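J.: build me a model from this:
(one chain, ligands or ions: 1)
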Amino acid sequence: MINIEAILNEIQEEIQPYLYQGNIANYIPALAKVNPDQFAMSIILFDGSSYNIGCCDTKFSIQSISKVFTFTKSLNIYSKELYKRVGKEPSGNPFNSLVQLEYEKGIPRNPFINAGAIVVTDTLLSHYKSKDNTFDNVLNFIKNISDNQNISFDKEVCESEYEHGFRNLALANLMKSFGNIDNCVEDVVKTYFKNCSIAMSTKELARAMLFLANHGVDPITNHQYITSSQAKRVNSVMLTCGHYDASGEFAFHVGLPGKSGVGGGIVAVVPKIMSIAVFSPRLNSWGNSLAGTKALELFTTKSGLSIF
Ligand code: GLN
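T.: Have a look, this model is predicted:
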């Protein structure tokens with residue numbers, strides 16, 4: 001078996017020069033206030049043993065990582081029907097792009113770009129009826145898969161994003177004009193922002209992802225959240241679409257299903273072995289954590305644990 005502790009210690013050293021490269025997300029003003037030089041990495045195995053470096057207990061805004069959880073929930077409710085409203089192909093475009101959506105008639109390419117996650121939120125809103133009930137169900141799901149009741153959202157980030165959320169409102173309005181948003185646009189976008197503003201540490205995120213490394217069953221509690229077929233789909237879409245127009249880049253360098261967020265977090269799954277979360281707020285030009293991506297690349301290179 002590989003020595004995870006030794007590998008993490010090497011990463012801790014080798015990652016240092018990368019911590020000062022890239023830029024923090026500033027289009028959400030509340031996110032721009034975060035200390036940009038932070039770094040954390042957490043790994044958890046199926047027996048619950050965990051390995052951590054850096055500020056692994058610091059909570060940060062999970063942002064688009066929430067899209068993994070909302071897609072999982074909606075897939076569980078609607079099954080294949082969901083794909084009538086959102087695709088499963090990489091977009092090759094930035095996460096907040098409007099262009100493709102116009103010529104593809106309001107059907108987003110996949111659930112991990114903003115437009116896709118907004119449609120997914122709309123499906124959840126239709127199912128759970130109200131904004132509050134929808135958010136409570138999303139948050140409860142995250143608490144359950146994390147086996148941790150102490151998870152909440154950051155009101156300041158949520159409000160800050162809504163005040164500056166013109167592009168996401170534009171995406172939602174455009175989709176509404178094509179008939180692909182059933183609920184009130186404002187309710188859908190507000191709920192989407194609230195999901196994005198959920199705050200978690202790398203330790204908590206790694207734990208939350210464990211069921212996806214194990215065919216939909218939490219290996220610690222043995223609870224089945226989704227079928228193994230659904231878990232396969234969520235992992236596949238993470239591999240092909242989890243990093244927007246840098247998904248190929250991430251697969252090439254890291255070789256794992258993964259999902260990033262503009263808060264600087266990335267989650268990744270080593271099927272049947274472990275889940276990983278990293279955090280470093282400075283982003284590369286595609287909006288993915290620069291040092292976080294590098295840390296994952298170092299990990300799969302040193303451990304030989306990629307899916308390829
Ligand atoms: N809440 C962010 C947005 O909609 C999420 C984007 C991201 O994490 N890539 O812009």
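
J.: contact residues of the stretch 151-300 of the chain facing the ligand?
T.: Contacts of the stretch 151-300 of the chain with the ligand, taken as CB under 6 Å from any ligand atom, map to Glu161, Asn168, Cys196, Gly261, Val262, Gly287. Every residue, glycine included, has its C-beta placed from N, CA and C.

J.: how near is Leu283 to Tyr244?
T.: 11 Å (CB to CB, to the nearest Å).

J.: sorry, slip of the keys, the one I care about is Lys232.
T.: 21 Å.

J.: so which of those two has more stuff around it?
T.: Tyr244 (25 against 15; other CB atoms under 10 Å).

J.: so what does the lowest-mean-pLDDT helix or strand in the chain touch, helix or strand wise?
T.: When the helices and strands of the chain are scored by mean pLDDT, DSSP states H and E, helix 99-103 comes last with a mean of 94. If you count contacts as 3 or more CB pairs under 8 Å, 6 or more residues apart in numbering; DSSP states H and E, helix 99-103 packs onto helix 166-177.

J.: pull out the buried residues from the helix it packs on.
T.: Residues of helix 166-177 classed as buried by neighbour count (16 or more other CB atoms under 10 Å): Asn168, Leu171, Ala172, Leu174, Met175, Lys176.

J.: following that helix, which helix or strand comes up?
T.: Later in the chain than helix 166-177, the nearest helix or strand by DSSP states H and E is helix 185-196.

J.: quick one: that following helix to helix 166-177, angle?
T.: 130 degrees (axes from the mean of the first three to the mean of the last three CA atoms, to 10 degrees).

J.: what's in contact with the next helix or strand after helix 185-196?
T.: The first helix or strand that comes after helix 185-196 along the chain, using DSSP H and E, is strand 198-200. Outside strand 198-200, the residues that touch it by CB atoms under 8 Å, 6 or more residues apart in numbering are 59-62, 66, 138-139, 142, 146, 151-154, 157, 208, 265.

J.: what subset of the residues you listed is buried?
T.: Going by neighbour count (16+ other CB under 10 Å), the contacts of strand 198-200 have 59-62, 66, 138-139, 142, 146, 151, 153-154, 157, 208, 265 buried.

J.: coming back round to it: quick one: the buried residues of helix 166-177 as CSV, columns for pLDDT too.
T.: Converted to CSV, these look like this (pLDDT from 0 to 100):
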residue, pLDDT
Asn168, 97
Leu171, 97
Ala172, 98
Leu174, 98
Met175, 98
Lys176, 98
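
J.: what two of those have the greatest distance between them?
T.: By the measure CB to CB, Asn168 and Lys176 form the most distant pair in those, at 12.5 Å.

J.: pull out the buried positions in stretch 295-302.
T.: Applying 16+ other CB under 10 Å to stretch 295-302 flags Ala295, Leu296, Glu297, Leu298, Phe299, Thr300, Lys302 as buried.

J.: ugh, typo on my part, it should be stretch 234-252
T.: Of all the residues in stretch 234-252, those buried under the rule 16+ other CB under 10 Å are 234-235, 237-247, 250-251.

J.: OK, contacts around the residue of the stretch 101-250 of the chain found nearest the ligand?
T.: Closest to the ligand within the stretch 101-250 of the chain is Cys196: 3.7 Å, counting by CB to the nearest ligand atom. Shown in contact with Cys196 (CB under 8 Å, 6+ apart): Ser61, Ile62, Gln63, Ser64, Ser66, Val157, Cys158, Glu161, Gly261.

J.: now tabulate those in a markdown table and tack on secondary structure and distance to Thr134.
T.: A markdown table is the format used below for those (DSSP: H, G, I helix; E, B strand; the rest coil; distance: CB to CB, whole Å):
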| residue | secondary structure | distance to Thr134 |
| --- | --- | --- |
| Ser61 | strand | 19 |
| Ile62 | coil | 17 |
| Gln63 | helix | 18 |
| Ser64 | helix | 18 |
| Ser66 | helix | 12 |
| Val157 | helix | 18 |
| Cys158 | helix | 14 |
| Glu161 | helix | 17 |
| Gly261 | coil | 20 |
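
J.: of these, closest to Gly87?
T.: Ser64 (17.0 Å).

J.: I'd guessed the closest one sits against Gly261; true?
T.: Yes - assessed by CB atoms under 8 Å, Ser64 is found in contact with Gly261 at 4.2 Å.

J.: quick one: pLDDT of Met1?
T.: With respect to pLDDT, Met1 scores 75.

J.: and it, how far from the ligand?
T.: Shown here: Met1 relative to the ligand, a distance of 34 Å by CB to the nearest ligand atom, to the nearest Å.

J.: distance of that residue from Val185?
T.: 51 Å.
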